[in-house]
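1. I would like the atomic coordinates for the input below:
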Amino acid sequence: MTSAAAERPEAAAPEPMPRLDDLSRADVPFRAGHFAAYAPHDFHRIAYVEWGDPDSPHVVVCVHGLSRQGRDFDPLGYKLAKMGYRVVCPDLPGRGLSGWLKDPELYGLPQYAADMAALIGHLRITGKIDWVGTSLGGLTGMVLAASANTPIRRMVINDIGPFLPWAPIRHIGSRLRDAPRLHHNLASGESRLRTVLAAFGPLTDEQWRHIAKHSFFPEPHGGWRPHHDPAIGDAFRPGRVYSVSMWREWDAITCPVLLLRGERSELLLASTADEMTRRGPPTERIEIPDCGHAPALLDAEQLRIVTDWLGPAA
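-> Predicted coordinates for the structure are as follows:
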């Protein structure tokens, strides 16, 4: 297993990328889709966007964090599609354009893993896939990758691990539960995101606008509401927050892993990242400077780390 971190050889200047607002109209195919997934006593909609050739056998599934949605991966989807991949970026239930669960108690890893397995079946993917998961998306990938007959052949895990200390979980949950249910305008929503997501790292105004654009929906009678179901925060109510251990799942994974860690992350402790390189799957670890939880995967260098590790579709 490789440990630590990270000196990358100097690379040629990256190919210029279209403006974020123009990516979905750029020179690679971009599609939106959805299907019906099942939760106990209820079907719900799972929405996704898809980049690249739908017939490409080289598939990457990118799954977002707790209060985010699939459009966070637009730049990565564009880059990987240019490299020959089919890239699918779903919205987990209760987020983005996906449906909300009638029973809030079902917002958890078993449902997320089941929905993502259903997504793979819906897309008629018959071979192996690569997985990119930020935070909650990484945990969901760990559940699937640890399972018998998993379709996952390689995995990029962005700032999450098999041990999560209770204090930062409580902080994330409090921030989520305290989020305003309505903003007077999109600028107000963006301003809050710049504060609560500051650990994403130093982002440009364009990148913050892109995040905000897909984080709020306009209400018919005025104002902008967050894209997610407020009930996803119910699991973080006082008395329900505790440290999480998933070492059993981690030790069951056999596929290669690229582990990204924000150098100031309080959720993925440095000691946990160290342990992840000593046990479980073969893991390469890279520290991302100037970030906490979790690197946004929006700037050119972070994108290059992921695309270099995955390599051209072949």
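2. Let me see the confidence value for residue 238.
-> Note for residue 238: predicted pLDDT of 77.
3. Pretty sure it sits in a helix.
-> No. Using DSSP: H, G, I helix; E, B strand; the rest coil, the secondary structure at residue 238 is coil, not a helix.
4. what about it, neighbour count?
-> A count of neighbours around residue 238, defined by other CB atoms under 10 Å, yields 9. In short, each C-beta sits where N, CA and C put it, glycine included.
5. cool, the one 4 residues further on as well?
-> For residue 242, the tally of surrounding residues (other CB under 10 Å) stands at 11.
6. How about it, nearest residue that isn't a chain neighbour?
-> Nearest in space to residue 242, with sequence neighbours left out and distances taken as CB to CB, 6 or more residues apart in numbering, is residue 166 at 5.3 Å.
7. Which residues are in contact with that neighbour?
-> Contact analysis of residue 166 by CB atoms under 8 Å, 6 or more residues apart in numbering lists 241-243.
8. Could you check the pLDDT of it?
-> 90.
9. quick one: it and residue 241, what's the gap?
-> Going from residue 166 to residue 241 by CB to CB, to the nearest Å gives 6 Å.
10. In terms of secondary structure, what does the host helix or strand of residue 116 contact?
-> Using DSSP states H and E, residue 116 sits within helix 109-122. Under the contact criterion of 3 or more CB pairs under 8 Å, 6 or more residues apart in numbering; DSSP states H and E, helix 109-122 touches strand 30-39, strand 42-51, strand 59-63, strand 86-90, helix 136-145.
11. how close does the most centrally placed residue in the chain sit to residue 271?
-> Nearest to the geometric centre of the chain sits residue 64, at 2.1 Å (CA atoms, centre = their mean). Per CB to CB, residue 64 is found 26 Å from residue 271.
12. For this protein, which segments are assigned as strands?
-> Listed in chain order, the strands of the chain (DSSP state E) span 30-39, 42-51, 59-63, 86-90, 129-134, 152-158, 163-164, 216-218, 224-226, 244-245, 257-262, 283-288.
13. Tell me the buried residues in the second one?
-> Neighbour-count burial for strand 42-51 flags 44, 46-51 (criterion: 16 or more other CB atoms under 10 Å).
14. May I ask you to confirm that residue 182 is in contact with residue 223?
-> Yes. Counting by CB atoms under 8 Å, residue 182 touches residue 223, with 4.4 Å between them.
15. List the buried residues for the lowest-mean-pLDDT helix or strand in the chain?
-> Lowest by mean pLDDT, DSSP states H and E among the helices and strands of the chain is helix 166-177, with a mean of 89. Buried positions in helix 166-177, judged by neighbour count with 16+ other CB under 10 Å: 168-169, 172-173, 175-177.
16. now, which of those residues sits nearest residue 259?
-> Taking CB to CB as the measure, residue 259 sits nearest to residue 168 out of the buried residues of helix 166-177, at 17.6 Å.
17. quick one: that closest one and residue 269 touch, right?
-> No. Counting by CB under 8 Å, residue 168 stays clear of residue 269, with 9.2 Å between them.
18. low-scoring stretches of the stretch 201-314 of the chain, by residue?
-> Across the stretch 201-314 of the chain, nothing is flagged by pLDDT under 70.
19. Tell me where it has helices.
-> Taking DSSP state H, counting those that start in this stretch as the test, the helices found in the stretch 201-314 of the chain are 205-213, 247-252, 270-278, 300-310.
20. and the ones you listed as JSON lines, adding distance to residue 262?
-> Shown next, in JSON lines, are the helices of the stretch 201-314 of the chain (distance: least, CB to CB, whole Å):
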{"stretch": "helix 205-213", "distance to residue 262": "16"}
{"stretch": "helix 247-252", "distance to residue 262": "19"}
{"stretch": "helix 270-278", "distance to residue 262": "10"}
{"stretch": "helix 300-310", "distance to residue 262": "10"}
